[in-house]
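[1] pasting the sequence and the predicted coordinates here, then a few questions.
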Amino acid sequence: MQALVGTFIKTFQRALTIEIDAMRRRSGAGAEVRLTDARALDSSQPSARLYTFKLLESGDRLAPHTDAMLTHAAGDARVTIVAIDDNRITLASRDQIVLDAAPYTLSVTPWFLLEKLQNALLRLLDMQDPCVASALRLFGKIEVQRLPQPVRLDHRQLNESQQRAIHLCLDTDLAFIWGPPGTGKTTTLGHIVAELLAHDQRVLITSTTNAAVDQVLARLAEQPDTRPYFERGQVVRIGPAQGQTFGAGLAEVTARHSGSLREQIARLEERCARLEQHIQQCVLLGATLAATTQPLQLDLFHAGQPARAVDLSPVFSARYSRALRHLTVAQQAALVERRKRRAELLVVGYRERIAQCRHEFSAREAGVVQQARIVLTTTTTLYVNPLLEDARFDVVIVEEAGMTILPALFFCACLARHKIIAVGDPKQLPAIVQSDNDFARKYLGQNIFDVTIKDLAASDIVVMLDTQYRMHPAIGGLVSRLFYAGQVRDAESVRDRALLAAKPPYPGAPLVVVDTAGWTTCSTHQGQFSRFNRATAKLCAELAVEAARSGIASVGIITPYAEQSRLIRDLLSRFPAEASAVECRTVHRFQGSERDMIILDTVDTAPYAPGVLLAGVGPYASSGNLVNVSISRARGKLIIVADVAYFRKSAPTVPITQTLDQALLAGLYVALPQDGGVA
């Protein structure tokens with residue numbers, strides 16, 4: 001077994017090295033996050049200073065124990081990310097950081113996390129851990145074991161396929177839950193976790209993004225069978241949450257058991273802050289007294305005269321200041337220096353006590369993690385956070401498993417003593433791999449469903465959730481026919497989506513194809529590759545504004561190109577009232593979310609050939625997955641803007657052309673007027 005594990009790790013190491021090299025070659029590959037509200041903290045490490053900042057945007061690409069560069073108005077500083085808690089981040093730096101030098105930008109080299117993953121995989125070789133059997137089983141190298149278990153909770157509110165998923169997860173040590181769009185994947189996962197807890201299993205839930213982890217956390221918090229675990233502090237969310245934590249944040253749970261310790265740290269930090277301010281006042285007063293002394297030293301007639309003009313009240317009490325007026329300048333300066341030294345000694349003592357308290361608090365955090373019945377975190381946190389270095393779980397559940405690179409999946413599975421559950425959809429977006437190297441793409445970017453399962457429809461360790469609760473039947477039917485062989489049916493409740501379809505634009509039509517019919521032109525800026533189409537950008541902005549004015553609460557505009565997304569957002573900025581209901585992004589930003597109306601702007605047309613994002617072919621092409629995610633975000637109305645004849649001529653067999661053909665059969669056809677406006 002260990003030899004086989006070594007082969008896997010050697011292969012993953014090579015693929016990761018290729019990917020790291022590709023990321024290094026790409027200019028601007030680093031992640032940049034804007035920060036504000038800089039504050040200094042007392043450091044428990046004499047060689048490092050601690051600072052905390054407020055995050056102005058998502059910290060998804062950040063992880064504790066990651067090295068980074070902090071850029072601000074006064075210069076640059078090398079820092080290490082210590083912790084990310086809610087919307088604040090703590091950084092350690094050997095250099096002093098200026099606190100009033102906004103704006104602050106934190107830059108992280110993304111390959112750092114891949115290097116951490118390489119190190120984590122190498123540790124598996126040294127540990128001789130029996131849990132590696134779970135990883136080999138996930139990758140199809142060890143036979144799946146079956147041991148039927150009774151269902152102990154009531155799941156009658158779930159549909160038949162969702163209940164089959166629960167039985168599969170109980171009865172086997174490897175299960176794949178295939179969740180097409182809108183089929184209640186998170187709801188099903190909540191019931192699976194509850195059932196596993198009823199069987200006294202300790203569960204790890206992990207995913208590629210904080211948003212996905214938070215979505216599962218919210219579901220568990222509202223579920224009656226799992227809510228008591230929150231109340232007992234047995235659900236722990238590790239890492240920065242983008243939404244509500246429901247009291248499950250690691251610091252929150254620890255504070256519930258160690259509230260007095262945290263209050264003590266806060267009191268000590270407050271005293272340190274007051275003393276440091278007092279020290280600064282002593283320094284300023286000392287400088288003032290020195291300036292007063294200098295001219296007196298040049299005048300023999302005034303050498304012993306007291307300096308009554310100097311205000312001593314910033315350092316001493318008003319009464320004591322009056323008593324000190326008869327002293328000479330030198331005597332006053334000596335008293336100020338003595339006061340400063342005493343304050344400095346107190347600060348040293350307080351900092352030592354703070355360090356002790358923080359060390360004790362960290363030890364209690366480790367205890368909280370060890371006692372937790374459910375731990376939720378991202379996959380990267382698993383191999384960068386020391387608290388999880390030796391953690392093992394009865395069951396590991398990987399949400400959005402299809403979007404996770406294979407080496408990270410292998411590592412996650414090695415944390416499972418008994419059972420691994422992969423949840424996802426092989427027909428949606430795969431893992432992002434920047435390298436064009438075939439070896440790297442094969443061993444990093446393949447979907448785990450495709451790696452392990454030869455025939456998804458025939459496999460007895462796969463359950464596909466087959467009822468969708470999101471989309472209008474016209475949209476759901478299109479998605480089902482194109483990507484799921486017609487096996488996904490509509491829940492009765494989606495008929496209510498007709499209320500959304502009735503609203504403008506194109507009232508009454510849930511599915512619309514706006515044909516630009518050769519009237520638009522695709523362009524790029526000089527020296528860039530990202531495409532844009534001014535006419536379709538204008539059209540999409542107008543359609544979104546009209547939808548917002550008609551009462552559609554949430555509108556998504558999806559485009560394959562970042563430049564087109566920027567152009568549309570610029571146009572929307574002219575309508576601030578309506579733009580608040582509209583989000584325009586590339587498709588990866590919409591994975592896992594939904595909107596009342598979706599506009600898909602395909603952008604591509606003459607003089608360019610269709611781009612690989614929409615029309616790519618080959619073993620690692622993801623154009624079909626991109627189209628699937630794009631159109632399946634819509635609840636009530638889907639509008640596709642495309643040059644139909646262009647795609648039929650240039651790429652007749654690719655998913656986007658097939659989507660257009662099917663949509664034209666089931667939906668409304670609209671020809672774009674020559675002036676480029678809304679028909």
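    Everything's here; your move. Residues are numbered from 1 along each chain as shown.

[2] who's Ala68 bridged to?
    The bridge-partner assignment for Ala68, based on DSSP bridges, gives Val79.

[3] what about it, how many residues close to it?
    Applying the criterion other CB atoms under 10 Å, we find 24 residues in the vicinity of Ala68. Just so you know, the C-beta spots here come from the backbone N, C-alpha and C atoms, and that holds for glycine as well.

[4] Gln331 too?
    By other CB under 10 Å, 14 other residues sit near Gln331.

[5] can I take it that it is in a strand?
    No: for Gln331, which was evaluated using DSSP: H, G, I helix; E, B strand; the rest coil, the result is helix, with no strand membership.

[6] tell me the confidence at it?
    Confidence at Gln331, expressed as pLDDT, is 89.

[7] next one: it from Arg531, what distance?
    77 Å (CB to CB, to the nearest Å).

[8] could you do Glu269 as well?
    52 Å.

[9] just the element for Pro560, please.
    Counting by DSSP states H and E, Pro560 is held by no secondary-structure element, helix or strand.

[10] which ones are touching it?
    Contacts were defined as CB atoms under 8 Å, 6 or more residues apart in numbering; by that measure Pro560 touches 586-587, 602-604, 611, 613-614, 626.

[11] between Glu269 and Arg531, which is the more surrounded one?
    Between Glu269 and Arg531, counted using other CB under 10 Å, Arg531 has the larger neighbour count: 21 against 17.

[12] show the contacting residues for that one.
    522-524, 561, 563-564, 603-604, 608, 611.

[13] re the thing from before, which of the contacts of Pro560 are buried?
    A residue is treated as buried here by neighbour count (16 or more other CB atoms under 10 Å); on that basis the buried members of the contacts of Pro560 are 586-587, 602-604, 611, 613-614, 626.

[14] just those residues: which are in strands?
    Among these, no residue falls in strands (DSSP state E).

[15] distance between the helix or strand harbouring Ile18 and the chain's centre?
    Counting by DSSP H and E, the element that carries Ile18 is helix 2-25. Relative to the centre of its chain, helix 2-25 is centred 24 Å away, using CA atoms, centre = their mean, to the nearest Å.

[16] residues in contact with stretch 615-626?
    Stretch 615-626 is touched from outside by 427-430, 438, 441-442, 445-446, 483, 560, 587, 604, 609, 612-614, 647, 650-651, 654-657, with contacts defined as CB under 8 Å, 6+ apart.

[17] number of nearby residues for Gln13?
    Summarising burial for Gln13: neighbours were counted as other CB under 10 Å, giving 16.

[18] what's the closest non-adjacent residue to it?
    Gln118 (5.8 Å; CB to CB, 6 or more residues apart in numbering).

[19] show me the contacts for the one you found.
    The contact partners of Gln118, taken as CB under 8 Å, 6+ apart, are 12-13, 16-17.

[20] helix, strand or coil: sort out it for me.
    Three-state assignment for Gln118 (three-state DSSP): helix.

[21] per-residue confidence at it?
    You'll see Gln118 listed with a pLDDT of 95.

[22] repeat that for Val82.
    Looking at Val82, its pLDDT stands at 82.

[23] cool, and Val151?
    Predicted confidence (pLDDT) for Val151: 97.

[24] for the one 5 residues further on, same thing?
    With respect to pLDDT, Arg156 scores 95.

[25] count of residues packed around it?
    Neighbour count of Arg156, defined by other CB under 10 Å: 6.

[26] any idea how far Leu672 is from Leu571?
    Separation of Leu672 from Leu571 (CB to CB): 16 Å.

[27] give me the buried stretch members for stretch 470-486, please.
    Counting neighbours by 16+ other CB under 10 Å, one finds that the buried residues in stretch 470-486 are 470-484.

[28] wait, which of these is closest to Leu174?
    Comparing those against Leu174 with CB to CB places Tyr484 closest, at 22.7 Å.

[29] in the stretch 551-679 of the chain, which spans are strands?
    For the stretch 551-679 of the chain, strands defined by DSSP state E, counting those that start in this stretch occupy the ranges 555-558, 582-585, 595-601, 634-642, 668-671.

[30] do the same with the stretch 1-150 of the chain
    Defined through DSSP E, counting those that start in this stretch, the strands belonging to the stretch 1-150 of the chain, from first to last, are 31-41, 49-55, 67-72, 75-85, 88-93, 104-108.

[31] list the contacts of the residue nearest to Thr288 when sequence neighbours are not counted.
    Spatial nearest neighbour of Thr288, excluding adjacent residues (CB to CB, 6+ apart): Val310 at 5.9 Å. By CB under 8 Å, 6+ apart, the contact set of Val310 is 285, 288-289, 292, 329, 332.

[32] the same query, at a cut-off of 10 Å, please.
    Contacts for Val310 were tallied using CB atoms under 10 Å, 6 or more residues apart in numbering; they are 285, 288-289, 291-293, 321, 324-325, 329, 332-333, 336.

[33] how about Phe590?
    For Phe590, counting by CB under 10 Å, 6+ apart, the contacting residues are 429, 556-558, 583, 598, 629-630, 632-633.

[34] could you do Pro607 as well?
    Under the criterion of CB under 10 Å, 6+ apart, the contact partners of Pro607 comprise 521-523.

[35] the same query, at a cut-off of 8 Å, please.
    With CB under 8 Å, 6+ apart as the criterion, the residues that contact Pro607 are 521-522.

[36] how about the one 3 residues further on?
    For Pro610, the contacting residues are 604, 646-647, 650-651, 654, 656, by CB under 8 Å, 6+ apart.

[37] closest to Ala251 out of these?
    Proximity to Ala251 was ranked across the contacts of Pro610 by CB to CB; first place goes to Ile656, at 46.2 Å.

[38] what is the burial count for the closest one?
    Other residues close to Ile656 by other CB under 10 Å number 25.

[39] could you pull out the helices in the stretch 201-350 of the chain for me?
    Counting by DSSP state H, counting those that start in this stretch, the stretch 201-350 of the chain has helices at residues 210-222, 227-231, 250-257, 259-297, 318-323, 329-371.

[40] show me the domain layout of the protein.
    Listed domain ranges for the chain are 31-108, 127-234+373-464, 259-364, 469-671 (source: automatic domain parsing).

[41] for Asp200, see how far away Tyr229 is.
    Per CB to CB, Tyr229 is found 12 Å from Asp200.

[42] please say which of these two ends up with more neighbours.
    The residue with more neighbours, out of Tyr229 and Asp200, is Tyr229; 21 against 8, by other CB under 10 Å.

[43] which strand or helix spans Lys454?
    With DSSP H and E as the criterion, Lys454 is inside neither a helix nor a strand.

[44] where does it land on pLDDT?
    We have a pLDDT of 92 for Lys454.

[45] hang on, Leu285 packs against Leu335?
    No: assessed by CB atoms under 8 Å, Leu285 is found out of contact with Leu335, at 10.0 Å.

[46] the two: who's more crowded?
    For the pair Leu285 and Leu335, the greater number of neighbours falls to Leu285 (24 against 19), based on other CB under 10 Å.

[47] per-residue confidence at that one?
    So, for Leu285, pLDDT stands at 90.

[48] look up how far Leu345 lies from it.
    Leu285 sits at a distance of 19 Å from Leu345 (criterion: CB to CB).

[49] and the angle from whichever strand or helix holds Ala544 to strand 634-642?
    Using DSSP H and E, Ala544 sits within helix 534-549. On the basis of axes from the mean of the first three to the mean of the last three CA atoms, to 10 degrees, helix 534-549 is oriented at 160 degrees to strand 634-642.

[50] buried residues, the helix or strand bottoming out on mean pLDDT in the chain. List them.
    Every helix and strand in the chain was compared by mean pLDDT, DSSP states H and E; the lowest is strand 75-85, with a mean of 79. Burial within strand 75-85, assessed by neighbour count using 16+ other CB under 10 Å, is assigned to 77, 79, 81-85.

[51] for stretch 118-130, same thing?
    Neighbour counts using 16+ other CB under 10 Å place 118, 120-121, 124, 129 of stretch 118-130 among the buried residues.

[52] out of the buried residues of stretch 470-486, who's nearest Gln157?
    Looking at those and their distance to Gln157, the nearest is Arg470, at 17.7 Å (CB to CB).
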